[in-house]
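1. sequence and predicted structure are below.
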Amino acid sequence: MNWYLDVIKKYAVFNGRARRQEFWMFELFNFIIAVVLMIIGFALDFTLLSTLYSLAVFLPSLGVIVRRLHDTGRSGWWVLIGLVPIVGFIVLIVFAATEGDQHENAHGPNPKLAPAY
């Protein structure tokens, strides 16, 4: 849950790097919360609940994928490839699953080597 909260704390941070674990744990918790809210929304006949949540986490989601792309040495603008139907989504998944640069790159030091705070 700390991974999810760390991304939320960096609400609209688009610089720096994000580890694979940070990205995937955020996506996992984001998915679980969205499904639970959708079920609750259907039970209460208030489907706007999941839509409001999606809007609330849009910028943190965008920020973490951009930081994840930075970790792999790519520009954050690569996120726009997700606009290409099907293929773009697959490419983003591959980029997100790729191991990050082992050394410092143009976007900052390796987050695996950064001291824990």
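-> All right, it came through fine.
2. how far off centre is the longest helix belonging to the chain?
-> If you go by DSSP state H, the chain has its longest helix at helix 20-43. Centroid displacement of helix 20-43 relative to its chain, using Cα atoms, centre = their mean, to the nearest Å, is 12 Å.
3. again with stretch 101-116
-> Counting by Cα atoms, centre = their mean, stretch 101-116 comes out at 18 Å from the chain centroid.
4. ok, stretch 85-96 next?
-> 13 Å.
5. CA atoms only for it, dumped as PDB, please.
-> Output of stretch 85-96 as PDB, limited to C-alpha atoms (Å, rounded to 0.1, in the frame of the first residue of the first chain):
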ATOM      1  CA  PRO A  85      -5.000   1.500 -30.800                       C
ATOM      2  CA  ILE A  86      -3.900  -1.900 -29.400                       C
ATOM      3  CA  VAL A  87      -0.300  -1.700 -30.500                       C
ATOM      4  CA  GLY A  88       0.400   1.400 -28.400                       C
ATOM      5  CA  PHE A  89      -0.900  -0.200 -25.300                       C
ATOM      6  CA  ILE A  90       1.200  -3.300 -25.800                       C
ATOM      7  CA  VAL A  91       4.300  -1.100 -26.400                       C
ATOM      8  CA  LEU A  92       3.700   0.700 -23.200                       C
ATOM      9  CA  ILE A  93       3.400  -2.500 -21.300                       C
ATOM     10  CA  VAL A  94       6.700  -3.800 -22.700                       C
ATOM     11  CA  PHE A  95       8.400  -0.500 -21.800                       C
ATOM     12  CA  ALA A  96       7.000  -0.600 -18.300                       C
END
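6. for Glu104, give me its contacts.
-> By Cβ atoms under 8 Å, 6 or more residues apart in numbering, the contact set of Glu104 is Asn110. Backbone N, C-alpha and C define where each C-beta goes, glycine included.
7. angles on the backbone of Gly16, please.
-> Dihedral pair for Gly16: phi 100, psi -170, per degrees, to the nearest 10.
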